[in-house]
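Asks: Here is the input, now give the coordinates:
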Amino acid sequence: MSGFVEKPEPVQVPGLVHLHTGKVRELYRNEAGDLVMVASDRMSAYDWVLPTEIPDKGRVLTQLSLWWFEQLADIVPNHVISTELPEGAPADWAGRTLVCQSLNMVPVECVARGYLTGSGLAEYRQTRTVCGLALPEGLVDGSELPAPIFTPATKAAVGEHDENVSYEEVARQVGAETAALLRQTTLAVYGRARDIARERGIILADTKFEFGFAADSGTLVAADEVLTPDSSRFWPADQWQPGRAQPSYDKQFVRDWLTGESGWDRTSEEPPPALPQHVVDATRAKYVEAYELLTGSPWNF
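Replies: As a prediction, the model looks like this:
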């Protein structure tokens, strides 16, 4: 079974109640009832949380999400209340901690795809569809789609895999009105982000969002992380070549080493091995490069 190779013990902070340990994030509630989200340096691959961390990864995810939240504020509000460290929190939480509004979360991974790859490509090869949406013949790995599509998935527990579902299934689960709002917002955010990334020489192939409703106003709000190398596929535009796997700004170094040089069999029940230093360094460099290219600012955290 997959999951954590070594499940961490959460840090205990006076005034904070620990709620959940996710693949990357620790979630707490403060005395005011707000959520405190701490992004760790943990790395997940093939539904495993690996025993080796990537230095600064949690800070990259947090700071890049904050930058994107600003770019998207006129399309959808976000859940961030403050970036100040809670009193008594360890110094290492700096730059990776968000105090957030508590939302009524929608149990759907809202995925937008502008290019065909990953699980979408696997489905297309079998049925010429992705999440029940018919696509043209002749598409290959990395093909740009005629128009971006909304391809939702169910949100899985740690150690389990998200499962692509049809739009009709989302409407059945959350209601037609909410499903339509999720699709509209997801595609609007993707469109804005795709254009911003393109100006910086990056293709945003696909990305996933999580949304919730504010308890007081009923407004749809963007939550968790947005448009990071953990939740998106970013490709260098000048190296894009349909028909093959694309170079990317994400955890591909980790995946390639695990399924190649390490000798680990991802179909076995054996947990993956620790990462060697050169894979750690290369992966960190890609995350930092993505931050710097997208924001136009040097990494200085």
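Asks: Mind jotting down where the strands sit in the stretch 201-301 of the chain?
Replies: Along the stretch 201-301 of the chain, the segments classed as strands by DSSP state E, counting those that start in this stretch run 202-214, 220-223, 232-236.
Asks: wait, which of these is closest to G95?
Replies: Among the strands of the stretch 201-301 of the chain, the nearest to G95 by Cβ to Cβ is strand 220-223 (19.4 Å). Quick note: C-beta positions are derived from backbone N, CA and C, even for glycine.
Asks: Show residues contacting that closest one.
Replies: With contact meaning Cβ atoms under 8 Å, 6 or more residues apart in numbering, strand 220-223 is reached by 69, 72, 76-79, 100-101, 103, 105, 181-182, 185, 189, 209-214.
Asks: D230 and R200: what is the separation?
Replies: Separation of D230 from R200 (Cβ to Cβ, to the nearest Å): 19 Å.
Asks: Give me the distance from stretch 226-239 to the chain's centre.
Replies: Chain-centre distance of stretch 226-239: 10 Å, with Cα atoms, centre = their mean, to the nearest Å.
Asks: measure that stretch end to end?
Replies: This stretch, stretch 226-239, spans 24 Å end to end (Cα to Cα, to the nearest Å).
Asks: now what about that stretch, what contacts it?
Replies: Residues outside stretch 226-239 that contact it (Cβ under 8 Å, 6+ apart) are 24, 60-61, 64-65, 68-69, 72, 78, 115, 117-118, 142, 189, 193, 197-198, 201-209, 224-225, 246-251, 286-287, 290, 294.
Asks: Same check on stretch 259-276?
Replies: 1, 5, 43, 45-46, 48, 50-52, 254, 257-258, 283.
Asks: Just the buried ones among these, please.
Replies: Buried subset of those (neighbour count, 16 or more other Cβ atoms under 10 Å): M43, A45, W48, L50, T52, V254, W257, L258, T283.
Asks: What is the most widely separated pair among those?
Replies: For the buried ones among the contacts of stretch 259-276, the maximum inter-member distance is 15.1 Å, found between W48 and T283 (Cβ to Cβ).
Asks: before we move on, the earlier item: compare the strands of the stretch 201-301 of the chain and give me the one nearest R128.
Replies: strand 202-214 (18.1 Å).
Asks: and the closest one, which residues are buried?
Replies: I202, I203, L204, A205, D206, T207, K208, F209, E210, F211, G212, F213.
Asks: got JSON lines for those residues, with distance to G33 and pLDDT too?
Replies: Output for the buried residues of strand 202-214, formatted as JSON lines (distance: Cβ to Cβ, whole Å; pLDDT from 0 to 100):
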{"residue": "I202", "distance to G33": "38", "pLDDT": "97"}
{"residue": "I203", "distance to G33": "40", "pLDDT": "98"}
{"residue": "L204", "distance to G33": "35", "pLDDT": "98"}
{"residue": "A205", "distance to G33": "38", "pLDDT": "97"}
{"residue": "D206", "distance to G33": "34", "pLDDT": "97"}
{"residue": "T207", "distance to G33": "30", "pLDDT": "97"}
{"residue": "K208", "distance to G33": "27", "pLDDT": "96"}
{"residue": "F209", "distance to G33": "24", "pLDDT": "97"}
{"residue": "E210", "distance to G33": "20", "pLDDT": "96"}
{"residue": "F211", "distance to G33": "20", "pLDDT": "98"}
{"residue": "G212", "distance to G33": "15", "pLDDT": "97"}
{"residue": "F213", "distance to G33": "16", "pLDDT": "98"}
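Asks: Perfect, I'm done here.
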